[in-house]
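>>> Coordinates only, no sequence provided:
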């Protein structure tokens, strides 16, 4: 039987992922704004870290948190119409496995579907990544799946 | 591309300021080599003579929780007292200790150990007797060997019944250095004089 991967001490998780997180945030937000977003990303991850159920897909998880922190930062500074597009366009790194399937979904639904069904994360973890409640995460995943079914059958 | 020292530092400070961390750690310089020092909200949780063993953070996480993060500030209270101790200006440690998850026997032995005065030695058997288990000298030896907070909990002050140094998790050289720092003349090849257990140590065969 395979054992779920143990959750590493946060220091190891942070050391392994911080460069990639900063790189992603700089690409999305520019060098200056990336710094606040970097701190916000790892603080969100740290807040949720004790509730993790296993240590798998932590890279995908933290990159998704970073995506959403960047999205929030952009939302505060840009009109909302541009937002959806820039979100959909840049969310590739974390979900590339399911990219083809979920390409048409809005960013939050796409993230919820991929994290739930692609990476087997709990709704608590997905909620942290999306900066929403577990219920909202569940909702986003189920709406996303319904949307995928509709588009598959049409 | 790297994460700048400043950015890294700010994240670590914020994590501790927001009380999101289970345990913090840092490496503290000392005359007997760099020490890995870890503390939780409850107090000092670990000191290790090997500043970089592979599984040190995993072991700390098992005691305290997974949110383990390096932070010089967490180690500061212990660092201050260790600096004073190594400078010969401190004889009694006052930092709070986190002895969570230890069995009751271990905790009572460690409490007795903490009472062994600076510059004096006792024996495994005397400690066993002090916790009401006079025949448990060997078990006391195991507790000393696994002592998570050496120096502060002074297992270096515990020697064999004939005065020999027996052993030390950090190596006998360090045990000798600590006893010498506390004003004991120690010859590793010959039994150390015992000040507490008996005035008349038996010679070794």
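Yep, it's here. Computed from a predicted structure; not experimentally measured.
>>> check contacts around the closest residue to chain B within chain A.
When distances are taken as C-beta to the nearest C-beta, chain A reaches nearest to chain B at residue A:9, 3.9 Å away. (Glycine included, C-beta is placed from N, CA and C.) Neighbouring residues of residue A:9 by C-beta atoms under 8 Å, 6 or more residues apart in numbering or on different chains: B:57, B:58, B:60, B:61, B:66, B:68.
>>> Disregarding flanking residues, what is the spatial nearest neighbour of the spatially most central residue of chain B?
Among the residues of chain B, the one closest to the centroid is residue B:150, at 1.3 Å (C-alpha atoms, centre = their mean). Closest residue in space to residue B:150, ignoring its immediate chain neighbours: residue B:47 at 5.6 Å, by C-beta to C-beta, 6 or more residues apart in numbering or on different chains.
>>> Let me see the ranges of the strands in chain B.
All strands of chain B, identified by DSSP state E, fall at B:23-28, B:35-40, B:44-48, B:68-70, B:122-123, B:158-159.
>>> so which of the ones you listed is the most packed in?
Across the strands of chain B, averaging neighbours per residue (mean count of other C-beta atoms under 10 Å in any protein chain shown) puts strand B:158-159 on top, at a mean of 26.
>>> other SSEs contacting it?
strand B:122-123 (3 or more C-beta pairs under 8 Å, 6 or more residues apart in numbering or on different chains; DSSP states H and E).
>>> For residue A:103, grab the count of nearby residues.
By the criterion of other C-beta atoms under 10 Å in any protein chain shown, residue A:103 has 12 neighbours.
>>> Can you tell me how far it is from residue A:71?
17 Å (C-beta to C-beta, to the nearest Å).
>>> Name the SS class of the most centrally placed residue in chain A, please.
For chain A, the residue nearest the mean C-alpha position is residue A:64 (2.0 Å; C-alpha atoms, centre = their mean). Counting by DSSP: H, G, I helix; E, B strand; the rest coil, the backbone at residue A:64 sits in helix.
>>> and it, what pLDDT?
At residue A:64, the model reports a pLDDT of 95.
>>> Hmm, it is touching residue A:129, no?
Yes - judged on C-beta atoms under 8 Å, residue A:64 makes contact with residue A:129 at a distance of 4.1 Å.
>>> Please pull out the lowest mean pLDDT helix or strand from chain B.
helix B:56-64 (a mean of 91; mean pLDDT, DSSP states H and E).
>>> which residues are in contact with stretch A:129-149?
Against stretch A:129-149 from outside (C-beta under 8 Å, 6+ apart): A:44, A:61, A:64-65, A:68-69, A:72, A:101-102, A:104-105, A:108-113, A:115-117, A:121, A:123-124, A:126-127.
>>> pretty sure the residue nearest to residue B:150 contacts residue B:37?
Yes - counting by C-beta under 8 Å, residue B:47 does reach residue B:37; the two are 5.5 Å apart.
>>> Residue numbers of chain A in contact with chain B?
Along chain A, the residues adjacent to chain B under the rule C-beta under 8 Å from any C-beta of the partner chain are A:7-12, A:14, A:18-19, A:22-23, A:26, A:35, A:38-39, A:42-43, A:46-47, A:49-50, A:52.
>>> now the helices for chain B?
B:5-17, B:56-64, B:72-86, B:104-114, B:124-130, B:137-145, B:172-181 (DSSP state H).
>>> Kindly reformat the ones you listed as TSV containing distance to chain A and mean neighbour count.
Shown next, in TSV, are these (distance: least, C-beta to the nearest C-beta, whole Å; neighbours: other C-beta atoms under 10 Å in any protein chain shown):
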stretch	distance to chain A	mean neighbour count
helix B:5-17	5	15
helix B:56-64	4	19
helix B:72-86	12	18
helix B:104-114	24	17
helix B:124-130	33	21
helix B:137-145	24	18
helix B:172-181	26	18
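>>> would a markdown table of the ones you listed with distance to residue B:155 be doable?
As requested, the helices of chain B are exported to a markdown table (distance: least, C-beta to C-beta, whole Å):
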| stretch | distance to residue B:155 |
| --- | --- |
| helix B:5-17 | 30 |
| helix B:56-64 | 18 |
| helix B:72-86 | 15 |
| helix B:104-114 | 6 |
| helix B:124-130 | 10 |
| helix B:137-145 | 4 |
| helix B:172-181 | 9 |
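>>> mean pLDDT lowest for which of the ones you listed?
Looking at the helices of chain B, the weakest mean confidence is helix B:56-64, a mean of 91.
>>> Would you mind pulling up the elements that that one packs against?
So helix B:56-64, by 3+ C-beta pairs under 8 Å, 6+ apart, packs with strand B:23-28, strand B:35-40, strand B:44-48, strand B:68-70.
>>> ok so, going back, tell me how far the residue nearest to the centre of chain A lies from residue B:137.
56 Å.
>>> hmm, back to that, and which of the contacts of residue A:9 is nearest residue B:98?
Nearest to residue B:98 among the contacts of residue A:9 is residue B:60, at 10.5 Å by C-beta to C-beta.
>>> Quick one: residues contacting that closest one.
By C-beta under 8 Å, 6+ apart, the contact set of residue B:60 is A:9, B:23, B:25, B:38, B:45, B:46, B:68.
>>> Wait, the third one touches residue B:40, no?
Put plainly, it is residue B:25. No - the criterion here is C-beta under 8 Å, and residue B:25 misses it with residue B:40 at 10.0 Å.
>>> Between the two, which contacts overlap?
Residues touching both residue B:25 and residue B:40 do not exist when contact is defined as C-beta under 8 Å, 6+ apart.
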